[in-house]
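Enquirer: Output the structure for:
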Amino acid sequence: YTITPSGAEAANYAITFVAGTLTVSPRVAAFEWSGYELTYDGTEHLPEAVVTNLVGDDTCDVTVIGAQTNAGDYTVTANALSNGNYVLPADVAHAFRIAKASLTVTANAKTITYGDLPTANGVTYQGFVNGETADVLTGTLTFTYNYEQYVNVGTYAITPGGFTSDNYVISFVNGTLTVTQKEVSVSFTGDSVVYNGLAQWPAAELSGLVNGDNVTASLSAIGNVTDNAPVHVGDYTVTAELSGAKAGNYLVTGTNTTGFTITKASLTAKADDKTVTYGDGRPTFTVSYTGFVNGETRTDLNETSLQFTCTYEQYDNAGTYVITPGGVASGDYEISYTDGTLTVHKKEITISFNDLVQTYCNCPLWPKYSLIDLARPNDADVTLTVTAGTHENGAPVNAGTYTITAALTNGTNYSLIGTTATSFEIKKAD
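Expert: Residues are numbered from 1 along each chain as shown. So this is what the prediction gives:
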């Protein structure tokens, strides 16, 4: 600008006014910076600089260069002003930081069955900006587990990992791996057995076990149990429950019960053969058993109702009679009966002779006799015959010595034993 002087006067001087120059220098701009501490959002960022020492109503915009998108530490530069009355200061740079955004990677919950290999169900992301996806991450998604195949059922951690990023601070959050029981089924065989005096069960087979686990079906029964086991004849309901160190890893599906029947064992009761002699009363009848199991004896039966039928009565004729048993009660045996035989033998008797010497009377003479051991008086008789000596019409008449022999005339029930002949003498008359 021109500086023109004027107005001065002097008596002694002729004053010449000479113009001068006014130079106005640009003002050095002072800046206030903002927006230089940012978080990554996937878009381009540039801090702002505002001139803080404007004069009057002046305005002045600052042009800043060095915009950035990715996370990192940068420097931007103010390189132009919109008002010529201002000039850039000597220090036109400013530090600029875009911090990484927070990204959470959470493993999704997963449920597997005992015996399966651990597997993942992907992840859920929280924190991506500007529509970004996992494609912007570096590395490969991985999973680790604190569960190994065939470890017991329960809950375990799925730990994600493997990703890195220049623009995200990644937090990996565990998911839950739930290992559930493996389903198995029970099949029963042998649902009907014959009583053997011991505890008996149907066979129970488990299907679906893995890894050779020592898991068995433990059986219990409802019914006429003995020491919690089916022993006696009857119908039972048998239930299978899993047992063993690994049993908690399995779950029985379908039915785990079955009907179970113990049927009666076969037992034969045979009437014992008996022998009596004619004239005896009925003997005490007895039976013998065939078919007892497990060392059992007749004391295991209810013999209070044991009975026999037999047609023989005292003084019935010698011969054979049928003994028929029956009436024995048993809850565990199906009893079949076999007849026995009662044999009635002939009674043995002897003959005693007397009056063996008699006197001739011109008539038949015989010795007298008596039968010994008859069951009843007059129950038998004998016929006497002359087997040696002269006789007339079969009878001893004349004086002399004879041999007389006795023979039973009723031999059905008796046997004549011992001496059956005697010497008999008829003396001459005086």
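Enquirer: hmm, which helix or strand of the chain has the shakiest average pLDDT?
Expert: strand 225-226 (a mean of 84; mean pLDDT, DSSP states H and E).
Enquirer: What lies in contact with it?
Expert: Ala199, Val231, His232, Tyr236 (Cβ atoms under 8 Å, 6 or more residues apart in numbering). Every residue, glycine included, has its C-beta placed from N, CA and C.
Enquirer: Please identify the helix or strand for the last one.
Expert: According to DSSP states H and E, Tyr236 maps onto strand 234-243.
Enquirer: Next SSE downstream of that strand?
Expert: strand 250-252.
Enquirer: what pairs with whichever helix or strand comes after that next one, and is each one parallel or antiparallel?
Expert: For strand 250-252, the following helix or strand on the C-terminal side (DSSP H and E) is strand 257-263. Here strand 257-263 is paired, per DSSP bridges, with strand 192-194 (parallel), strand 234-243 (antiparallel).
Enquirer: which of the ones you listed is buried the deepest?
Expert: Mean neighbour count (mean count of other Cβ atoms under 10 Å) peaks for strand 234-243 among the strands paired with strand 257-263, with a mean of 18.
Enquirer: can you list the residues that contact that strand?
Expert: Under Cβ under 8 Å, 6+ apart, the answer for strand 234-243 is 184, 186, 188, 201-202, 204, 206, 215-225, 230, 250, 252, 256-262.
Enquirer: Please indicate which of the contacts of strand 225-226 has the highest neighbour count?
Expert: Tyr236 (23 neighbours; other Cβ atoms under 10 Å).
Enquirer: The nearest residue to that one once chain neighbours are set aside and Val231, how far apart?
Expert: With Cβ to Cβ, 6 or more residues apart in numbering as the criterion, Tyr236 has its nearest non-adjacent residue at 3.6 Å, and that residue is Gly223. Using Cβ to Cβ, to the nearest Å, we find Gly223 at a distance of 10 Å from Val231.
Enquirer: Tell me which residues of stretch 299-308 come out buried.
Expert: By neighbour count with 16 or more other Cβ atoms under 10 Å, stretch 299-308 contains the buried residues Asp300, Leu301, Leu306, Phe308.
Enquirer: Looking at those residues, which are in helices?
Expert: Among those, the subset assigned to helices under DSSP state H is empty.
Enquirer: Using JSON lines, please lay out these together with pLDDT and distance to Thr111.
Expert: Shown next, in JSON lines, are the buried residues of stretch 299-308 (pLDDT from 0 to 100; distance: Cβ to Cβ, whole Å):
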{"residue": "Asp300", "pLDDT": "93", "distance to Thr111": "57"}
{"residue": "Leu301", "pLDDT": "94", "distance to Thr111": "60"}
{"residue": "Leu306", "pLDDT": "96", "distance to Thr111": "68"}
{"residue": "Phe308", "pLDDT": "97", "distance to Thr111": "74"}
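Enquirer: Pull up the pairing partners for the strand or helix carrying Thr142, direction included.
Expert: Using DSSP H and E, Thr142 maps to strand 138-145. Strand pairing for strand 138-145, determined by DSSP bridges: strand 154-164 (antiparallel).
Enquirer: just checking, next helix/strand downstream of the partner strand?
Expert: Per DSSP H and E, strand 154-164 leads on to strand 168-173 as the next helix or strand towards the C-terminus.
Enquirer: Report the contact partners of Val28.
Expert: Residues near Val28 by Cβ under 8 Å, 6+ apart: Tyr86, Val87, Leu88, Pro89.
Enquirer: follow-up on the earlier one: so which of the contacts of strand 225-226 would you say is closest to Ala375?
Expert: His232 (50.1 Å; Cβ to Cβ).
Enquirer: Compute the distance between the closest one and Thr159, please.
Expert: For His232, the distance to Thr159 - Cβ to Cβ - is 59 Å.
Enquirer: how about Phe260, what does it touch?
Expert: The contact partners of Phe260, taken as Cβ under 8 Å, 6+ apart, are Phe188, Asp191, Ser192, Trp201, Pro202, Ala221, Pro230, Asp235, Tyr236, Thr237, Val238.
Enquirer: Name the residues of stretch 137-147 that are buried.
Expert: Of all the residues in stretch 137-147, those buried under the rule 16+ other Cβ under 10 Å are Leu137, Phe143, Tyr145, Tyr147.
Enquirer: Over to stretch 57-67?
Expert: Applying a neighbour-count criterion of 16+ other Cβ under 10 Å, one finds Cys60, Val62, Val64 buried in stretch 57-67.
Enquirer: Backbone dihedrals for the closest residue to the first one other than its chain neighbours, please?
Expert: This means Cys60. In this structure, Cys60 finds its nearest non-sequential neighbour in Asn83, 3.7 Å apart by Cβ to Cβ, 6+ apart. Taking degrees, to the nearest 10, you get phi -120, psi 120 for the backbone angles of Asn83.
Enquirer: quick one, which of the strands paired with strand 257-263 is nearest to Tyr114?
Expert: Comparison of the strands paired with strand 257-263 against Tyr114 by Cβ to Cβ identifies strand 234-243 as nearest, at 12.4 Å.
Enquirer: tell me the average confidence for that closest one?
Expert: For strand 234-243, the mean pLDDT works out to 95.
Enquirer: swap in stretch 372-385?
Expert: Stretch 372-385 carries an average pLDDT of 91.
Enquirer: cool, stretch 404-413 as well?
Expert: 90.
Enquirer: Name the surrounding residues that touch that stretch.
Expert: 278-279, 317-318, 346-347, 351, 353, 366-367, 369, 375, 379-387, 396, 414, 416, 420-424.
Enquirer: quick one, what contacts the residue nearest to Ala157 when sequence neighbours are not counted?
Expert: Excluding the flanking residues, the one nearest Ala157 by Cβ to Cβ, 6+ apart is Asn174, at 4.4 Å. Contact partners of Asn174, counting by Cβ under 8 Å, 6+ apart, are Thr106, Ala107, Ala157, Ile158, Thr159, Pro160.
Enquirer: just Ile262 next, same as before
Expert: Counted by Cβ under 8 Å, 6+ apart, Ile262 has contacts Ser192, Val193, Val194, Tyr195, Gln200, Pro230, Val231, His232, Val233, Gly234, Tyr236.
Enquirer: Assign the fifth one to helix, strand or coil.
Expert: So the one you mean is Gln200. The three-state assignment at Gln200 reads coil, by DSSP: H, G, I helix; E, B strand; the rest coil.
Enquirer: so how many other residues sit close to it?
Expert: Neighbourhood size, Gln200 [other Cβ under 10 Å]: 17.
Enquirer: I'd assumed His232 was in contact with it.
Expert: No - Gln200 is beyond contact range of His232, at 10.1 Å (criterion: Cβ atoms under 8 Å).
Enquirer: can you list the weak-confidence ranges in the stretch 301-430 of the chain?
Expert: Within the stretch 301-430 of the chain, the segments meeting pLDDT under 70 span 392-393.
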